[in-house]
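Requesting a structural model of the entry that follows:
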Amino acid sequence: MAGTLQRREAIFGWRLIAPTVIIIALLILYPVVYNIYLSFFQVSLNPEVPNRFVGFSNYGKILSDGEFWRSFGITVAFTLITVGGSLLLGLGVAVMMNRNFVGRNLVRALLLLPYVTPLISIVFAWRYIFLPIDGPLVQALSSVGIMDSGTDIINNPNNAFLVVSFFNVWRNFPFVYLMLLSALQSIPAVLYEAAEIDGATRWKQFTNITLPELYFVIASVALLRGIWNFYKFDEVYLLSKFAGTMPVYIYETAFTGVPQQGVAASIATLLFVVMMGLITLYVKKVLKW
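Residues are numbered from 1 along each chain as shown. Down below sits the predicted model:
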């Protein structure tokens with residue numbers, strides 16, 4: 001009797017989640033499988049000409065391409081810098097915002113502006129700031145003799161990477177700040193009171209109470225931000241396509257010049273496999289799931 005009831009509950013549960021599973025399969029699984037399929041073909045843009053099967057030659061082409069490895073290295077550096085920067089900035093702001101002071105609610109609201117403002121608005125604001133000759137930043141730096149007024153910062157590959165990295169940290173640290181602030185507020189005050197009685201300094205309290213209590217949240221946020229930033233395309237491309245990250249490289253391979261959509265699909269497939277491996281390792285070793 002109990003077994004029959006459990007089976008009925010299981011069937012009922014599957015019926016409830018079936019629409020969601022079907023939608024996820026259509027929106028996520030199908031594009032992934034189709035992308036893997038395309039990676040073995042030379043894709044024709046002419047609907048009258050069929051795709052030509054080339055096997056693993058697309059993979060061999062990208063693995064021997066120096067531009068691919070350069071973009072991969074830039075993407076890894078971009079991910080590490082932006083995730084580390086947003087974590088450090090978000091943690092520092094969360095610790096400060098966890099204290100009582102006059103105007104705290106207003107400051108908390110203002111801190112969210114970079115994250116809630118439409119991307120296109122702040123990208124064009126930043127592009128204006130870095131404009132050569134008329135840009136406020138270039139004018140300020142040229143007035144003190146640091147650079148020439150005609151310097152084009154964001155369209156220079158040597159500077160674009162730093163600009164988009166700084167922009168990503170500035171735009172996304174409020175997300176980290178919110179996650180860490182909510183975790184900070186859940187730490188029992190009695191732990192800090194006991195530490196003060198034992199004579200622990202604020203630094204000791206931070207390293208021995210705050211950080212251990214925030215470990216899981218920090219590790220989870222780092223994983224999420226790492227995945228998002230590794231595949232970050234919109235804000236990087238809008239701000240400066242000269243940053244040279246992998247998503248920009250894939251886009252240009254697939255849609256600019258002589259489109260090579262089969263090659264682009266093979267790059268995306270390789271990155272998918274690499275990311276799944278790294279995520280699995282991270283979850284086991286860091287999150288210990």
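
Give the residue spans of the stretch 151-289 of the chain that score low on pLDDT.
Applying pLDDT under 70 to the stretch 151-289 of the chain flags no residue at all.

Spell out the residue ranges of the helices in it.
157-184, 189-197, 202-205, 211-230, 234-239, 246-255, 261-282 (DSSP state H, counting those that start in this stretch).

Take the ones you listed and lay them out in TSV including mean neighbour count.
(Glycine included, C-beta is placed from N, CA and C.) Formatted as TSV, the helices of the stretch 151-289 of the chain follow (neighbours: other CB atoms under 10 Å):
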stretch	mean neighbour count
helix 157-184	20
helix 189-197	12
helix 202-205	12
helix 211-230	17
helix 234-239	19
helix 246-255	19
helix 261-282	17
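
Distance to V21 added to these, as JSON lines?
What follows is these, written out as JSON lines (distance: least, CB to CB, whole Å):
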{"stretch": "helix 157-184", "distance to V21": "28"}
{"stretch": "helix 189-197", "distance to V21": "42"}
{"stretch": "helix 202-205", "distance to V21": "46"}
{"stretch": "helix 211-230", "distance to V21": "22"}
{"stretch": "helix 234-239", "distance to V21": "28"}
{"stretch": "helix 246-255", "distance to V21": "28"}
{"stretch": "helix 261-282", "distance to V21": "20"}
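
which stretch among the ones you listed comes nearest F40?
Closest approach to F40 among the helices of the stretch 151-289 of the chain is made by helix 261-282 (7.5 Å; CB to CB).

Just the angle for the closest one relative to helix 211-230, thanks.
Orientation of helix 261-282 against helix 211-230 (axes from the mean of the first three to the mean of the last three CA atoms, to 10 degrees) gives an angle of 170 degrees.

what's the spacing between helix 261-282 and its chain's center?
Its chain's C-alpha centre and that of helix 261-282 lie 15 Å apart, by CA atoms, centre = their mean, to the nearest Å.

Number of residues surrounding L63?
When counting by other CB atoms under 10 Å, one arrives at 13 neighbours for L63.

From V116, how far off is W126?
16 Å (CB to CB, to the nearest Å).

which one of these two has more residues nearby?
Taking other CB under 10 Å, W126 and V116 do not tie; W126 has more neighbours (23 against 8).

For the more buried one, report the pLDDT, please.
Note for W126: predicted pLDDT of 87.

does it sit in a helix, a strand or a coil?
helix (DSSP: H, G, I helix; E, B strand; the rest coil).

tell me the contacts of it?
Shown in contact with W126 (CB atoms under 8 Å, 6 or more residues apart in numbering): 163, 167, 239.
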